[in-house]
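below are the sequence and a predicted model; questions follow.
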Amino acid sequence: MTSTAWGVVVGAGFGVGVVILIAAALAARKPALDVRVLPYLRDLPAASRLSGLSSSAPPLFAAPLASVARWLDKVLGGSASIRRRLERANLDLSVHDFRVQQALWGLIGFAVAAVPTVWWSLTNPSRALPLALGCGAAGLAGVMLRENRLTAQVNARERQMLAEFPILAELLALSVAAGESIIAALERVTQRSHGEFSGELVRVLADVRTGTAVTKAFDNLAARTGLPIVARFAEGVAVAVERGTPLADVLHAQASDVREATRRALIETGARKEVAMMVPVVFLLLPLTIVFAFYPGLAGLHLVAP
């Protein structure tokens with residue numbers, strides 16, 4: 001295949017990718033109706049603006065992207081893991097929507113790599129095939145990068161929930177100790193707090209109001225979050241509600257346990273970073289120190305030598 005043909009193929013792929021990106025950006029700029037209405041409804045979590053990017057691609061490219069998404073799902077697999085992580089990240093996406101996002105990220109990677117590839121393939125036709133393979137590798141990297149981004153979103157949300165947990169548990173304990181029921185305490189705390197764990201408590205309150213038992217609602221909370229600390233909290237609340245044990249003491253103990261676990265985690269992180277700080281000291285500062293210490297003596301020897 002001649003250099004002109006390779007340039008046409010790569011340029012066409014780049015052009016298609018750019019058109020898809022522009023169309024997706026224009027479609028994502030307009031918020032959906034539920035995104036505009038939900039902030040004005042009480043006791044319902046606001047939908048993320050980022051979720052609108054998922055679903056949907058422009059109508060012209062919806063069918064090709066859906067086909068690519070199904071192909072990615074067959075090749076990569078792990079739909080159960082993706083579904084679980086989407087739930088833990090609190091993203092209102094289906095597995096298919098996430099695969100569509102992966103396809104878009106792959107097109108972005110391909111388009112970014114295609115820009116220099118077109119130039120290099122025209123100037124050096126013999127390397128056109130390796131450069132085309134590099135474009136494919138860049139597209140695959142974009143697909144995997146979206147999955148890594150999902151894992152990072154899950155980890156960030158879990159860290160935020162752990163940071164909020166002790167404060168909200170103490171507030172619940174104070175409300176229960178003041179004589180309020182667990183439902184009234186949940187309503188008071190959720191009305192005066194914001195954040196990821198507060199949003200989960202709002203969902204618990206919504207489940208209870210729709211007829212779900214309190215113990216079942218807290219079991220659902222533990223299943224959604226996947227955090228052992230939150231699971232122990234939900235189990236403690238459920239046992240206290242069923243057996244009539246003092247709920248305030250349980251909540252105070254849970255908050256203390258989380259603070260202690262956070263303190264231990266900080267100490268372990270500090271110890272690991274202390275070891276990592278030795279790497280630049282040993283491999284950068286120490287050689288420079290030795291050079292500055294011995295170089296003047298070596299220079300003096302050269303000056304004294306006949």
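Arrived safely. Owing to the predicted nature of the structure, the values given are computational and were not obtained by experimental measurement.

would you map the strands across the stretch 201-306 of the chain?
For the stretch 201-306 of the chain, applying DSSP state E, counting those that start in this stretch gives no strands.

what ranges in it fall below the confidence cut-off?
For the stretch 201-306 of the chain, the stretches with pLDDT under 70 are 297-306.

ok, then the element right after the longest helix seen in the chain?
As assigned by DSSP state H, the longest helix anywhere in the chain is helix 128-177. Downstream of helix 128-177, the next assigned helix or strand under DSSP states H and E is helix 182-191.

residues of that following helix that come out buried?
182, 185-190 (16 or more other CB atoms under 10 Å). (Glycine included, C-beta is placed from N, CA and C.)

least confident of those residues?
Scanning the buried residues of helix 182-191 for pLDDT, the low point is Ile182. It has 82.

Arg188 is in contact with that one, correct?
No: applying CB atoms under 8 Å, one finds Ile182 not in contact with Arg188, separated by 10.8 Å.

so where's the stretch 51-200 of the chain uncertain?
51-66, 119, 121-122, 124-131.

burial of Ile229, as a residue count?
20 (other CB atoms under 10 Å).

actually, Asn90.
With other CB under 10 Å as criterion, Asn90 counts 19.

Arg149 now?
14.

show me where this structure has helices.
Going by DSSP H, the chain shows helices at 3-29, 33-37, 51-55, 59-76, 79-88, 95-123, 128-177, 182-191, 196-209, 214-225, 228-243, 247-280, 286-304.

report the buried residues of the fifth one.
Buried residues in helix 79-88, counting neighbours by 16+ other CB under 10 Å, are found at 82, 85-88.

just the angle for the longest helix of the chain relative to helix 214-225, thanks.
150 degrees (axes from the mean of the first three to the mean of the last three CA atoms, to 10 degrees).

tell me how far Ser181 lies from Ile167.
Separation of Ser181 from Ile167 (CB to CB, to the nearest Å): 21 Å.

ok, those two, which is more surrounded?
Ile167 (17 against 13).

and Glu196, how far is that from Asp73?
Where Asp73 is concerned, Glu196 sits at a distance of 28 Å (CB to CB).

what does Val291 give?
56 Å.

tell me which of those two has more neighbours.
Asp73 (17 against 10).

buried residues in stretch 204-213?
Applying 16+ other CB under 10 Å to stretch 204-213 flags 204-205, 207-208 as buried.

can I get these in JSON lines including distance to Leu266?
Below are the buried residues of stretch 204-213 laid out as JSON lines (distance: CB to CB, whole Å):
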{"residue": "Val204", "distance to Leu266": "29"}
{"residue": "Leu205", "distance to Leu266": "32"}
{"residue": "Asp207", "distance to Leu266": "34"}
{"residue": "Val208", "distance to Leu266": "35"}
